[in-house]
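# next one to model:
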Amino acid sequence: MHTRRHLIALGCATALLAACSTAVPTGERPPIVFVHGNGESAALWQTTIWRFESNGWQRDRLFAVDQPFPLARDDDGVAQPGRSSTAESMAFLKAEVERVLKSTGATQVVLIGNSRGGNTIRNYVQNGGGDRVVSHVVLGGNPAHGIWAVKGRAEGSEFSGLSAFLQRLNAPKNAEGHEVTPGVKWLTLRSDNNDKYAQPDGLWIGSKGQPTLIGFDGPALKGATNLVLPRVDHRETSFSPAAFEATWRFLTGEAPRTLQPIPEDSVALSGKVTGLGLDPTNPASGNFPDNLPLAGARLAVFAVDPASGIRRGPAAWEQAIGTDGRWGPFAGRPDTAYEFVLAAPGYATTHIYRNAFPRSSGIVQLRPERIAEADRDARALVIFTRPRGYFDAERDRMRFDGQSTPPGVPPKGAGVSSSKIKLGSDAPRPVEAEFNGERVVGRTWPLAQGEVSVLELTD
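Now for the predicted structure:
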């Protein structure tokens with residue numbers, strides 16, 4: 001008897017993934033297009049791309065895209081400034097795939113998406129002609145059946161299981177009731193119970209104690225290979241070593257040689273500087289992510305002592321950001337920690353501290369902060385952020401400026417990806433953050449002068 005969703009236990013994943021996969025060619029690999037999630041950017045795929053490169057996938061066949069206005073509309077059918085519809089997302093992806101096919105000369109691509117990016121991929125494959133040019137799809141943490149399916153609750157949202165959008169995507173495609181478009185190989189990756197957007201209870205959508213009518217298996221799709229990754233959080237369904245290993249096995253039928261990026265002798269770093277709001281140069285236009293170029297910003301990059309955050313000399317790179325938002329390429333060192341300083345009208349001067357980059361990257365996306373009114377009573381402000389995952393005080397070992405549980409992190413459950421400390425002194429000093437063995441050290445800066453510090457995990 002068929003069930004609506006088939007689950008594969010992690011313990012038998014190796015053989016089953018190989019059996020379920022039609023491996024991509026081992027010579028010149030097909031291009032992969034990585035699609036980020038709601039409100040996110042291409043930068044989240046950095047460590048995943050490093051892992052692909054370290055296992056032999058050609059760098060010039062790996063493409064992470066940045067969708068303008070990456071947040072979904074509250075109601076997919078109603079125009080909303082600064083938000084994108086499912087149709088706009090599909091059109092964006094279609095254009096990006098066509099660009100990749102033209103630039104590489106390939107006839108097919110692989111699509112890998114996280115969260116909302118999976119909605120876009122499924123829509124493109126099913127309704128945008130993607131079935132003709134896509135060989136494999138990998139979806140991590142995709143809310144395939146919605147984040148909620150409650151009658152009367154925002155049914156027009158693409159995240160409602162009752163929305164017309166998801167009802168069409170999930171309509172049976174054959175007599176077996178498959179929910180995925182035929183002719184393409186599909187893999188879904190989900191958490192066993194730790195994905196904040198696949199929860200029976202509405203805690204993480206602001207409705208604690210109310211049922212969402214969505215289970216932990218919400219991301220699974222009938223007709224796909226469905227794999228459960230124990231205890232991963234929403235982002236880790238795509239960006240963790242476990243997610244990479246499952247993806248590599250699905251695409252190649254083999255185990256990866258390594259799960260960790262192999263360092264290069266020298267690194268070239270580049271990316272894009274983006275802002276906030278409808279118009280990134282206008283603070284009155286909103287504080288939501290836009291993935292739009294922040295023209296007129298200034299960037300300086302400093303090598304720093306990884307133990308103290310103190311600069312090791314003058315700026316190693318300085319640049320005025322042009323209309324395309326691009327910065328670099330900067331010739332860095334794989335054994336050096338860096339401070340990225342962004343200054344732009346309408347934003348705080350933002351000091352971003354990162355550990356050494358083991359490999360080159362063209363998606364070092366940078367965005368300055370704006371200071372919230374609620375934080376202006378501080379003398380210094382430090383933000384600790386984990387772009388590729390969530391903090392979980394029950395699961396993870398953490399420390400932020402001496403506190404074993406960072407402020408704002410709940411005692412149980414992977415629900416937040418950043419923590420903030422407001423300091424009562426603006427005297428410069430080091431501030432340290434640690435997460436499961438990865439340690440980042442930065443310096444404090446005076447909030448009165450419009451400066452903030454961000455400690456960002458590579459993870």
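
# can you classify Ala284 by secondary structure?
Judged by DSSP: H, G, I helix; E, B strand; the rest coil, the three-state class of Ala284 is helix.

# identify each buried residue in the longest helix along the chain, please.
The helix of greatest length in the chain, counted in residues with DSSP state H as the criterion, is given as helix 86-104. Burial within helix 86-104, assessed by neighbour count using 16 or more other CB atoms under 10 Å, is assigned to 86, 88-94, 96-97, 100-101, 104. The way it works is simple: take the backbone N, C-alpha and C, and place the C-beta from them, glycine included.

# which element follows that helix toward the C-terminus?
Next in sequence after helix 86-104, counting helices and strands by DSSP states H and E, comes strand 109-114.

# so how far is Ala175 from the nearest residue to Pro230 once chain neighbours are set aside?
Counting by CB to CB, 6 or more residues apart in numbering, Pro230 lies nearest to Asp192, which is 5.0 Å off, once chain neighbours are set aside. According to CB to CB, to the nearest Å, Asp192 stands 31 Å off from Ala175.

# so which of these two has more stuff around it?
Neighbour totals were compared for Asp192 and Ala175, and Asp192 leads with 16 against 6 (other CB atoms under 10 Å).

# what sits against that one?
The neighbours of Asp192, taking CB atoms under 8 Å, 6 or more residues apart in numbering as the test, are Phe216, Val228, Leu229, Pro230, Arg231.

# wait, Val133 touches Leu101, no?
Yes. Shown here, Val133 and Leu101 form a contact pair, counting by CB atoms under 8 Å, at 6.4 Å.

# what's stretch 364-377 in contact with?
Taking contacts as CB under 8 Å, 6+ apart, the residues outside stretch 364-377 that touch it are 41-43, 46, 66, 269-276, 283, 287, 289, 294, 297, 299, 327-328, 340, 342-344, 346-350, 352, 357, 381, 383, 420, 422, 447, 450, 452, 454.

# which element is the residue lying closest to Thr405 once chain neighbours are set aside on?
Nearest in space to Thr405, with sequence neighbours left out and distances taken as CB to CB, 6+ apart, is Ala393 at 5.1 Å. Secondary-structure assignment from DSSP H and E places Ala393 in no helical or strand segment.

# now Ala393: how far from Pro407?
Distance of Ala393 to Pro407, given as CB to CB: 11 Å.

# test my guess that Glu158 contacts Asp76.
Yes. Distance between Glu158 and Asp76: 4.9 Å, which falls inside the contact criterion (CB under 8 Å).

# list the residues that are in contact with both of these two.
Thr86, Phe165.

# look at those two and report which has more neighbours.
Between Glu158 and Asp76, counted using other CB under 10 Å, the more crowded position is Glu158 (27 against 24).

# state the distance from the more buried one to Asn114.
Using CB to CB, we find Glu158 at a distance of 15 Å from Asn114.

# before we move on, what about Gln210?
Using CB to CB, we find Gln210 at a distance of 26 Å from Asn114.
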